[in-house]
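>>> Provided below are the primary sequence and the corresponding predicted coordinates.
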Amino acid sequence: MPAGVFKETYRADMAHLRYPIHWAGLVLGAGLALTAPLYLQGYYLDQAILFMIFLIAAVGLNITLGLAGLISLAHAALMGAGAYTVAMLALKAGFNAVLAIPLAGVAAAVLGFILSLPSFKLKGYYLAMASLAAQFILEYFYSLLAPEQYITVPFETKEIAGVFFGEGVPLYYLALAITVLLLLAAGNLARSSLGRAMKAVRDNDVAAEIVGINVTRTKALAFTIGGFYAGIAGGLYALYSAGIGWEGFTLLVSIELLGMVLIGGPGRVVWGSMLGVLVLKTGWTNLESSLSPLLMDMGLDIIASTAKYIVLGTLIAVFIILEPEGLIAVLRRVKEYLRLWPYSY
Amino acid sequence: MDPMLLLESTVRGVIIGLTYAMIALGFNIVYRVNKSINFAHPVIVLMAAYIALVASYRYNPLLAYVLAVLAGVAASIAIERLVARPLLGRPPVALIGATLGIYYLFKGVTITIGGAETASLPIGYKLYHLGPITLGLNDIVSGLGSLLVLALVILLHMKTRLGSAMRAVAEDVEGAAAYGIPVRRLMSLSWALAGLVGALGGLFLAVKNQVSVELEFYAIRALAASLLAGLDSIGGVVIGGIVLGVAEEVGGLLLDDYLPGIGYDLAFFILLLVLFVKPYGLFGTERIERV
């Protein structure tokens, strides 16, 4: 607790909005998000939608990895499960793609639960291997589902009451509504008894069991909830993209999501994930699209294609070693420095 | 099914299995000292192959191979110094995440150096007919080479003073330190040894197949051999590797009609099966850790 902050009640300590800066951020953020279609068009609006899709997925991984400390390398495959659920339901059964999104969440949640089974007996590294294996196996099955590479979700299933939810402003507001709902749920989860149980399991599972936490149930729930978020994200992705293929859900995407959580702030479910996605998805996409042509002109095409690996890998390693709490901790230090300035201690 | 075809697949499986075993050994050596998996190991395999390729354009092939192995060892030591050592005492998840980061970093560097091209290493091409089985010179070199390296490393672990010191560190770090064993130096040495077998594995894979970005997936699949043997077993990897290799070749042959291209993904089914049924592997020590 930084100096000069006094909380007198538990309620004040646990409030979502504790400082004036939070209120300012809420007003500004909500205003900007609600009016985004006014100043973002086409490509940039698509980026905002992609940002939300990956934010939902990253929040899910942050619950599994950040809160419960269970490493999952199959998060992209879980996203894929959601996307393929929507696509197959729409394609084979003529199901409405928008209404199928909750089902996508459920399907991925079931997969997430299955993935959690090894974690009952095993520690972190075994779990990493189990999820790695699951990632490759699911990739393989996705490649079987669509031998001609892409599954297109039929356009007419993306409509509700004449509004086409496949792109642009309607999709933006749909994604925004889902994101806000899921983020609120995640933020509250982190401060509920279940969230505290997850943190206890993460920090010391033996001690957690001794104080009466059902470790098995907590781990299973962490994976299931994480999977649900990934599935919803995948479902939205199926709605957003013209065609889905297994290349969208490879190990690289899993590692990217892992990077988002680790760089943003593991354990800080909402804001940490948001920072991570902002840096690794939105920031990186824009940086890459502006730098790549330059590199190509200089004849360094190979660097243009490998820069992603190098930057992503370096950031993950450096943050784990030097700043395990992620960017959010850096920001907090900056904030505290400014708040106490010029009388810092 | 033609029995001759089956026999040939089995022989091929054993040969590739020996290389798998060698790469798996690298996972296990690191696991024994750090109690976590080094996910940067596959990229050492890839890097060695590409460095050998790039160097062989310029120097004599033998020198290129030596350079590749040295680079693998150096990279592994660097990872230990800069990543694994600062993370000692942190939960295993930290080392897993950090080595995954290093994996992508090195992958980017490797592709930048080598280009993502597919090419063969300069090694003679010759076919041998052993009864009904046809093997290339490349198969024989990689199989026998892997066997030799495996034997040497296992002997080093089992028979020499250095090996017993390494086993002591793997067993109990503090106890080993109390007996005056230089724990840190041995940890470095273990990583160096892992880098050595990884780089040699990369070379043998490149000799057997080709230099390509696919090689890293061979190394990832070798995790299944490592787990099947038990993560802290040394000699067991030979069995693990051979089982994995034979399962891939024969399984691919038998199942391909029903599930196209399943061969290479069988490793992951084996991995999951082992995790669910016998997570400590065939030869691993069972740690009683109730949670």
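Received the coordinates, thanks. Numbering: from 1, shown residues only, chains lettered A, B, ... in the order given.
>>> any chance you could map the strands in the stretch 101-250 of chain A?
A:151-152, A:159-160, A:163-164, A:243-244 (DSSP state E, counting those that start in this stretch).
>>> With mean neighbour count, distance to chain B and mean pLDDT as added columns, please give those strands in a markdown table.
Bear in mind the C-beta positions are built from the backbone N, C-alpha and C, glycine included. Below are the strands of the stretch 101-250 of chain A laid out as a markdown table (neighbours: other C-beta atoms under 10 Å in any protein chain shown; distance: least, C-beta to the nearest C-beta, whole Å; pLDDT from 0 to 100):
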| stretch | mean neighbour count | distance to chain B | mean pLDDT |
| --- | --- | --- | --- |
| strand A:151-152 | 17 | 18 | 80 |
| strand A:159-160 | 15 | 36 | 75 |
| strand A:163-164 | 13 | 37 | 76 |
| strand A:243-244 | 19 | 20 | 82 |
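>>> To residue A:173, which of these lies closest?
strand A:163-164 (10.0 Å; C-beta to C-beta).
>>> tell me the mean pLDDT over the longest helix along chain B?
In chain B, assigned by DSSP state H, the helix with the most residues is helix B:3-34. Across helix B:3-34, the average pLDDT comes to 88.
>>> ok now do residue A:335, which residues does it touch?
Applying C-beta atoms under 8 Å, 6 or more residues apart in numbering or on different chains, we find residue A:335 in contact with residue A:21.
>>> same question, residue B:100
A:73, A:255, A:258, A:313, A:316, B:39-40.
>>> picking that back up, tabulate the strands of the stretch 101-250 of chain A (a markdown table), appending distance to residue A:92.
Putting the strands of the stretch 101-250 of chain A into a markdown table (distance: least, C-beta to C-beta, whole Å) gives the following:
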| stretch | distance to residue A:92 |
| --- | --- |
| strand A:151-152 | 10 |
| strand A:159-160 | 18 |
| strand A:163-164 | 21 |
| strand A:243-244 | 14 |
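>>> on that earlier part again, if you rank the contacts of residue B:100 by neighbours, which is first?
In terms of neighbour count, residue B:40 stands highest of the contacts of residue B:100 at 30 neighbours, by other C-beta atoms under 10 Å in any protein chain shown.
>>> sorry, back to before: just the ones of the contacts of residue B:100 in helices?
A:255, A:258, A:313, A:316.
>>> How much space separates residue B:266 from chain A?
10 Å (C-beta to the nearest C-beta, to the nearest Å).
>>> Contacts only, for that residue.
Neighbours of residue B:266 in contact, by C-beta under 8 Å, 6+ apart: B:247-248, B:251-252, B:255.
>>> nearest residue to residue B:208 other than its sequence neighbours?
Spatial nearest neighbour of residue B:208, excluding adjacent residues (C-beta to C-beta, 6 or more residues apart in numbering or on different chains): residue B:142 at 4.0 Å.
>>> if we can go back for a sec, just the buried residues from the contacts of residue B:266, in PyMOL please.
Buried members of the contacts of residue B:266, defined by 16 or more other C-beta atoms under 10 Å in any protein chain shown, are picked up in PyMOL with:
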select buried, chain B and resi 247+248+251+252
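>>> In JSON lines, list the contacts of residue B:266 along with secondary structure.
Compiled in JSON lines, the contacts of residue B:266 are given as follows (DSSP: H, G, I helix; E, B strand; the rest coil):
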{"residue": "B:247", "secondary structure": "helix"}
{"residue": "B:248", "secondary structure": "helix"}
{"residue": "B:251", "secondary structure": "helix"}
{"residue": "B:252", "secondary structure": "helix"}
{"residue": "B:255", "secondary structure": "helix"}
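>>> which among the contacts of residue B:266 are in contact with chain A?
Counting by C-beta under 8 Å from any C-beta of the partner chain, the subset of the contacts of residue B:266 that neighbours chain A is empty.
>>> isn't residue B:188 right up against residue B:80?
Yes. Residue B:188 is within contact range of residue B:80, at 5.5 Å (criterion: C-beta atoms under 8 Å).
>>> Out of these two, name the residue with the larger neighbour count.
Remark: of residue B:188 and residue B:80, residue B:80 carries more neighbours, 23 against 18, as counted by other C-beta under 10 Å.
>>> Could you give the number of residues near the residue of the stretch 51-200 of chain A found nearest chain B?
Per C-beta to the nearest C-beta, residue A:133 is where the stretch 51-200 of chain A lies closest to chain B, at 3.9 Å. Neighbours of residue A:133 under the rule other C-beta under 10 Å: 29.
>>> can you pull the buried residues of the longest helix anywhere in chain A?
When chain A is scanned for its longest helix (criterion: DSSP H), the result is helix A:215-240. Neighbour-count burial for helix A:215-240 flags A:215-216, A:218-240 (criterion: 16+ other C-beta under 10 Å).
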